[in-house]
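Engineer: test case, fold it:
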Amino acid sequence: MPLLRRLALSLAVLAASPTSQAGGHAFAEPTPQGISPSRARTLAHLVRHDCGSCHGLTLRGGLGPPLTPDALSGKPVSYLKAVILDGRPGSAMPHWRPLLAESDAQWIAEALLRGVPDAQ
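Structural biologist: Numbering: from 1, shown residues only. Sure thing, here's the model as predicted:
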């Protein structure tokens, strides 16, 4: 899928907030970055589906490398956040800065390090 179309679809996903309630503590209360439980579900959905389109739906690798806690162990949150926001030049990793706030990227980076919860 062309990059612009993927970005447009991602924007639509980010604009829509899932209405179903997710179980577990991952979405129980706002995070320190001020991410609401609803936004956390939306971001988890984005990671599973949009990031998963390249990194594998289980985030164990595909076109892109694995995004599992084991694979990312030792990488600082600040590094992961920068890659999410600014992409990786010379690779297929796009920059998400036009679509994500800094707090969104922070939440995603932290979630990747502990394991992204299911968005359902």
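
Engineer: show me where this protein has its helices.
Structural biologist: Remark: helices assigned in the chain by DSSP state H are 3-15, 37-46, 52-55, 69-72, 77-86, 102-114.

Engineer: kindly reformat the ones you listed as TSV containing mean neighbour count.
Structural biologist: (C-beta placed from N, C-alpha, C; glycine too.) Compiled in TSV, the helices of the chain are given as follows (neighbours: other C-beta atoms under 10 Å):
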stretch	mean neighbour count
helix 3-15	13
helix 37-46	20
helix 52-55	19
helix 69-72	14
helix 77-86	17
helix 102-114	20
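
Engineer: turn the ones you listed into CSV, columns for distance to residue 63 and mean pLDDT.
Structural biologist: Converted to CSV, those look like this (distance: least, C-beta to C-beta, whole Å; pLDDT from 0 to 100):
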stretch, distance to residue 63, mean pLDDT
helix 3-15, 12, 50
helix 37-46, 17, 93
helix 52-55, 4, 95
helix 69-72, 15, 97
helix 77-86, 15, 98
helix 102-114, 17, 96
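
Engineer: figure out which of those helices is closest to residue 94.
Structural biologist: helix 3-15 (5.8 Å; C-beta to C-beta).

Engineer: residue closest to the middle of this protein?
Structural biologist: residue 47 (3.5 Å; C-alpha atoms, centre = their mean).

Engineer: now that residue. Nearest residue, chain neighbours left out?
Structural biologist: residue 116 (4.9 Å; C-beta to C-beta, 6 or more residues apart in numbering).
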